[in-house]
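Student: Sequence and predicted model, in that order:
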Amino acid sequence: MMHSEGKMVEILLVEDNPGDADLARETLLTSKIKNNLHVVSDGEKAMEFLRKTGVYTSAPRPDIILLDLNLPRKDGREVLAEIKQDDELKRIPVVILTSSKADEDVIKSYNLHANCYITKPLDFFQFTKVVQSIENFWLTIVKLPNGNV
(Lines give C-alpha, C1' and ligand atoms only; values in the text may rest on other atoms or scores of the structure.)
Protein backbone atom coordinates (compact mmCIF):
# COMPACT_ATOMS: atom_id res chain seq x y z
CA MET A 1 0.00 0.00 0.00
CA MET A 2 1.48 3.31 -0.99
CA HIS A 3 0.89 5.06 2.27
CA SER A 4 1.59 8.70 2.53
CA GLU A 5 4.25 9.13 5.19
CA GLY A 6 2.79 9.22 8.63
CA LYS A 7 -0.49 7.47 7.79
CA MET A 8 -1.23 4.95 10.49
CA VAL A 9 -2.47 1.55 9.30
CA GLU A 10 -5.38 0.34 11.43
CA ILE A 11 -5.32 -3.45 11.90
CA LEU A 12 -8.08 -5.41 13.60
CA LEU A 13 -6.98 -8.81 14.91
CA VAL A 14 -9.83 -11.10 15.93
CA GLU A 15 -8.10 -13.78 17.98
CA ASP A 16 -9.16 -15.61 21.15
CA ASN A 17 -5.73 -17.09 21.88
CA PRO A 18 -3.84 -14.54 24.03
CA GLY A 19 -0.49 -16.09 23.07
CA ASP A 20 -1.14 -15.61 19.34
CA ALA A 21 -2.43 -12.07 19.94
CA ASP A 22 0.76 -11.24 21.88
CA LEU A 23 2.93 -12.70 19.10
CA ALA A 24 1.15 -10.57 16.51
CA ARG A 25 1.48 -7.49 18.74
CA GLU A 26 5.23 -8.08 19.29
CA THR A 27 5.83 -8.70 15.59
CA LEU A 28 3.93 -5.59 14.51
CA LEU A 29 5.71 -3.45 17.11
CA THR A 30 8.96 -4.04 15.23
CA SER A 31 7.26 -3.31 11.92
CA LYS A 32 8.51 -0.74 9.44
CA ILE A 33 4.89 0.21 8.84
CA LYS A 34 3.29 2.50 11.39
CA ASN A 35 0.29 0.60 12.67
CA ASN A 36 -2.32 0.50 15.37
CA LEU A 37 -3.20 -3.08 16.30
CA HIS A 38 -6.63 -3.54 17.83
CA VAL A 39 -7.36 -6.97 19.30
CA VAL A 40 -10.77 -8.40 20.11
CA SER A 41 -11.23 -11.90 21.43
CA ASP A 42 -14.53 -13.06 19.93
CA GLY A 43 -16.77 -12.62 16.92
CA GLU A 44 -19.43 -10.54 18.67
CA LYS A 45 -16.80 -8.01 19.82
CA ALA A 46 -15.42 -7.95 16.27
CA MET A 47 -18.80 -6.92 14.86
CA GLU A 48 -19.29 -4.34 17.63
CA PHE A 49 -15.85 -2.89 16.78
CA LEU A 50 -16.64 -2.79 13.06
CA ARG A 51 -20.10 -1.29 13.58
CA LYS A 52 -18.85 1.09 16.30
CA THR A 53 -21.36 -0.07 18.90
CA GLY A 54 -21.09 -0.87 22.61
CA VAL A 55 -17.68 0.09 24.04
CA TYR A 56 -16.31 0.59 20.50
CA THR A 57 -18.16 3.79 19.50
CA SER A 58 -14.88 5.58 18.78
CA ALA A 59 -13.18 2.59 17.06
CA PRO A 60 -11.35 3.43 13.83
CA ARG A 61 -12.26 1.72 10.58
CA PRO A 62 -9.64 -1.01 10.04
CA ASP A 63 -7.57 -1.02 6.87
CA ILE A 64 -7.27 -4.80 7.18
CA ILE A 65 -8.79 -7.52 9.36
CA LEU A 66 -6.88 -10.60 10.54
CA LEU A 67 -9.56 -13.12 11.47
CA ASP A 68 -9.33 -16.44 13.28
CA LEU A 69 -12.08 -18.91 12.37
CA ASN A 70 -12.46 -20.72 15.69
CA LEU A 71 -13.82 -18.05 18.01
CA PRO A 72 -16.16 -18.06 20.99
CA ARG A 73 -19.67 -16.54 20.89
CA LYS A 74 -19.71 -15.98 17.12
CA ASP A 75 -17.24 -17.89 15.00
CA GLY A 76 -15.03 -16.43 12.31
CA ARG A 77 -17.11 -17.88 9.48
CA GLU A 78 -20.17 -15.97 10.70
CA VAL A 79 -18.11 -12.81 11.17
CA LEU A 80 -16.67 -13.12 7.64
CA ALA A 81 -20.15 -13.64 6.17
CA GLU A 82 -21.50 -10.57 8.03
CA ILE A 83 -18.58 -8.38 6.95
CA LYS A 84 -18.85 -9.35 3.29
CA GLN A 85 -22.66 -8.87 3.23
CA ASP A 86 -22.39 -5.37 4.72
CA ASP A 87 -22.06 -2.57 2.16
CA GLU A 88 -20.16 -0.45 4.69
CA LEU A 89 -17.61 -3.16 5.53
CA LYS A 90 -17.30 -5.51 2.55
CA ARG A 91 -14.33 -3.72 0.94
CA ILE A 92 -12.11 -4.17 4.01
CA PRO A 93 -9.66 -6.98 3.19
CA VAL A 94 -10.07 -9.98 5.47
CA VAL A 95 -7.10 -12.31 5.98
CA ILE A 96 -8.09 -15.60 7.58
CA LEU A 97 -5.33 -16.53 10.03
CA THR A 98 -6.29 -19.82 11.63
CA SER A 99 -5.01 -23.17 12.81
CA SER A 100 -7.59 -25.00 10.67
CA LYS A 101 -6.10 -26.84 7.70
CA ALA A 102 -9.46 -28.37 6.77
CA ASP A 103 -10.21 -28.09 3.04
CA GLU A 104 -13.85 -27.28 3.79
CA ASP A 105 -12.78 -24.27 5.89
CA VAL A 106 -10.51 -23.02 3.10
CA ILE A 107 -13.25 -23.42 0.47
CA LYS A 108 -15.97 -21.94 2.69
CA SER A 109 -13.77 -18.95 3.57
CA TYR A 110 -13.13 -18.16 -0.08
CA ASN A 111 -16.81 -18.72 -0.90
CA LEU A 112 -17.56 -16.11 1.77
CA HIS A 113 -15.12 -13.75 -0.01
CA ALA A 114 -12.10 -13.96 2.28
CA ASN A 115 -9.18 -12.14 0.65
CA CYS A 116 -6.69 -14.82 1.64
CA TYR A 117 -6.35 -17.84 3.92
CA ILE A 118 -3.25 -18.50 6.00
CA THR A 119 -2.80 -21.53 8.23
CA LYS A 120 -1.36 -20.51 11.56
CA PRO A 121 2.07 -21.86 12.30
CA LEU A 122 2.77 -22.90 15.85
CA ASP A 123 6.26 -21.65 16.64
CA PHE A 124 7.39 -18.07 17.18
CA PHE A 125 9.73 -17.91 14.18
CA GLN A 126 7.11 -19.14 11.72
CA PHE A 127 4.41 -16.94 13.23
CA THR A 128 6.69 -13.90 12.91
CA LYS A 129 7.38 -14.76 9.26
CA VAL A 130 3.64 -15.04 8.55
CA VAL A 131 2.82 -11.69 10.17
CA GLN A 132 5.72 -10.02 8.34
CA SER A 133 4.58 -11.49 5.03
CA ILE A 134 1.04 -10.17 5.66
CA GLU A 135 2.56 -6.80 6.45
CA ASN A 136 4.85 -6.82 3.41
CA PHE A 137 2.13 -7.86 0.98
CA TRP A 138 -1.08 -6.29 2.28
CA LEU A 139 0.36 -3.16 3.80
CA THR A 140 3.16 -2.36 1.34
CA ILE A 141 2.28 -3.76 -2.09
CA VAL A 142 -1.51 -3.90 -2.22
CA LYS A 143 -3.53 -0.72 -2.74
CA LEU A 144 -6.28 -0.90 -0.12
CA PRO A 145 -9.63 0.81 -0.64
CA ASN A 146 -10.17 4.16 1.00
CA GLY A 147 -12.77 3.67 3.74
CA ASN A 148 -14.41 7.01 3.00
CA VAL A 149 -15.60 6.13 -0.51
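Tutor: Thanks, I have it.
Student: how much space is there between residue 9 and residue 20?
Tutor: From residue 9 over to residue 20 the distance is 20 Å, taken as CB to CB, to the nearest Å. No exception for glycine: its C-beta is placed from N, CA and C like everyone else's.
Student: Please apply the same query to residue 94.
Tutor: From residue 94 to residue 20 the distance is 17 Å (CB to CB).
Student: Name the residue in those two with the higher neighbour count.
Tutor: Taking residue 94 and residue 20 together and counting by other CB atoms under 10 Å, residue 94 has the greater number of neighbours (26 against 21).
Student: and the more buried one, what are its phi and psi?
Tutor: With angles defined as degrees, to the nearest 10, residue 94 sits at phi -120, psi 120.
Student: Which strand or helix spans the nearest residue to it once chain neighbours are set aside?
Tutor: Spatial nearest neighbour of residue 94, chain neighbours left out: residue 65 (4.7 Å); criterion: CB to CB, 6 or more residues apart in numbering. Assessed by DSSP states H and E, residue 65 sits inside strand 64-67.
Student: Could you identify the helix or strand that succeeds that strand?
Tutor: Taking DSSP H and E, what comes next after strand 64-67 is helix 76-85.
Student: hmm, who's touching that following helix?
Tutor: 14, 43, 46-47, 50, 65, 67-71, 89-90, 92, 94, 96, 98, 105, 108-109, 112-114 (CB atoms under 8 Å, 6 or more residues apart in numbering).
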